[in-house]
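# can't give you the sequence, but here's the structure:
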């Protein structure tokens, strides 16, 4: 009798497990379907368009194979755009990560008013890119901009921040750092709060000074956080920047601030070269995919260490 009850109980458990698995699959179907439509379909369709001389007006779109990619390899403007994109991405990411780390190290020991200070640093993140770009464009005007007005008080002649090929991209980078530093500071503060206080107390007993504490304890233990900040910053840098640059410089002067996202928009919706725009989009997708895989690899190494 006991054996019969156990067999029935075992059968009920397997039935419940099978029903649970069916429920999970049914619940996941809409999400998977939505993900396929929203994510994978545009990727494959962009690759399909990149193999054609695509027309938006329903005309015949002949198959051209890899010709659009070959045109990119022969286009000097595309290489300039890639250089601009890498310059903005790496300079903005590494400088932003450094300044955010400095701010986080300053804010971390502060107890009174720390929430207010974090809120102040986070305000640029909550501000829309359009509003931020408008404010920065006004501040950086050559004749009436706030920055040049301050410089004139020091006897320094006005600088054409957004009209100079030398200063336009650094101005864009400065705005990007200002807009994202608050979010990065919060990430660093979370990492700093996760470091046990015992490590610092033991090192202080052994006579370690502030620099030794920073380079022997803080920075090594923050390595996974720094890696995350840098990789995600680079990924965002390659795929972003369109709104601010479109509002502030439009890619000028002389294409000195034209980045890949803006270049794709220009080819797709201004020049209507959809095939070439799609090929550039696929190049961007490949870059972001590689960087994402690198991020996963680095995170796995950090967790193993």
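Good, I have the coordinates. Nothing here was measured: the structure is a model prediction, and the numbers come from that model.
# quick one: residue 120 and residue 45, what's the gap?
Computed as Cβ to Cβ, to the nearest Å, the residue 120 to residue 45 distance reads 44 Å. For the C-beta atoms, the positions are set from N, CA and C on the backbone; glycine is no exception.
# And for residue 53?
16 Å.
# Looking at the two, which is more packed in?
residue 53 (17 against 11; other Cβ atoms under 10 Å).
# Tell me how far the more buried one lies from residue 61.
6 Å.
# Determine the residues that are contacts of both of the two.
Counting by Cβ atoms under 8 Å, 6 or more residues apart in numbering, the contacts common to residue 53 and residue 61 are residue 275.
# Tally up the residues packed near residue 115, please.
8.
# If you count contacts, what does the host helix or strand of residue 116 end up packed against?
For residue 116, the host element (DSSP states H and E) is helix 114-126. If you count contacts as 3 or more Cβ pairs under 8 Å, 6 or more residues apart in numbering; DSSP states H and E, helix 114-126 packs onto helix 76-107, helix 168-193.
# pLDDT averaged over that helix, what's the number?
For helix 114-126, the mean pLDDT works out to 82.
# repeat for stretch 257-267
Here stretch 257-267 scores 93 as its mean pLDDT.
# hang on, the earlier thing: tell me which of the helices and strands packed on helix 114-126 sits most buried.
Burial of the helices and strands packed on helix 114-126 is given as mean neighbour count (mean count of other Cβ atoms under 10 Å); helix 168-193 ranks first at a mean of 20.
# ok, the nearest residue to residue 52 once chain neighbours are set aside - contacts?
Excluding the flanking residues, the one nearest residue 52 by Cβ to Cβ, 6 or more residues apart in numbering is residue 61, at 4.5 Å. Going by Cβ under 8 Å, 6+ apart, residue 61 touches 52-55, 275.
# any idea how far residue 44 is from residue 61?
Distance from residue 61 to residue 44, by Cβ to Cβ: 16 Å.
# Over to residue 188?
For residue 188 relative to residue 44 (Cβ to Cβ), the value is 38 Å.
# again with residue 96
Counting by Cβ to Cβ - residue 96 and residue 44 are separated by 34 Å.
# try residue 114
According to Cβ to Cβ, residue 114 stands 48 Å off from residue 44.
# For those two, indicate the residue with more neighbours.
Per other Cβ under 10 Å, whichever of residue 114 and residue 44 has more neighbours is residue 114, with 13 against 10.
# so what's that one up against?
residue 107.
# Repeat the analysis, applying 10 Å as the threshold.
Counting by Cβ atoms under 10 Å, 6 or more residues apart in numbering, residue 114 touches 107-108, 189.
# With respect to pLDDT, which of the residues you listed ranks lowest?
Least confident by pLDDT among the contacts of residue 114: that is residue 108, with 84.
# That one: neighbouring residues, count only.
17.
# Now it: phi and psi?
Here is the backbone geometry of residue 108 (degrees, to the nearest 10): phi -60, psi -40.
# What distance do you get for it to residue 162?
Taking Cβ to Cβ, one finds residue 108 at 36 Å from residue 162.
# tell me the secondary structure for residue 204?
Classification of residue 204 using DSSP: H, G, I helix; E, B strand; the rest coil returns helix.
# And it, what's its pLDDT?
80.
# Could you dump the helices and strands packed on helix 114-126 into JSON lines with distance to residue 257 added?
As requested, the helices and strands packed on helix 114-126 are exported to JSON lines (distance: least, Cβ to Cβ, whole Å):
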{"stretch": "helix 76-107", "distance to residue 257": "7"}
{"stretch": "helix 168-193", "distance to residue 257": "5"}
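# Quick one, which of those helices gets closest to residue 139.
Of all those, it is helix 168-193 that lies closest to residue 139, at 9.3 Å by Cβ to Cβ.
# counting contacts, what elements does the closest one pack onto?
Here helix 168-193 touches helix 76-107, helix 114-126, helix 129-139, helix 223-239, helix 242-248, going by 3 or more Cβ pairs under 10 Å, 6 or more residues apart in numbering; DSSP states H and E.
# Least confident of these, on average?
helix 114-126 (a mean of 82).
# before we move on, back to that, buried ones in the helix holding residue 116, by neighbour count?
Across helix 114-126, burial judged by 16 or more other Cβ atoms under 10 Å covers 118, 121, 124-125.
# ok, now stretch 238-252?
For stretch 238-252, burial by neighbour count (16+ other Cβ under 10 Å) applies to 238-242, 244-249, 251.
# ditto for stretch 253-269
Judged by neighbour count using 16+ other Cβ under 10 Å, the buried positions of stretch 253-269 are 253, 255-264, 266-268.
# on that earlier part again, a markdown table please, covering the contacts of residue 114 and showing distance to residue 38.
Below are the contacts of residue 114 laid out as a markdown table (distance: Cβ to Cβ, whole Å):
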| residue | distance to residue 38 |
| --- | --- |
| 107 | 38 |
| 108 | 39 |
| 189 | 33 |
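# That'll do, ta.
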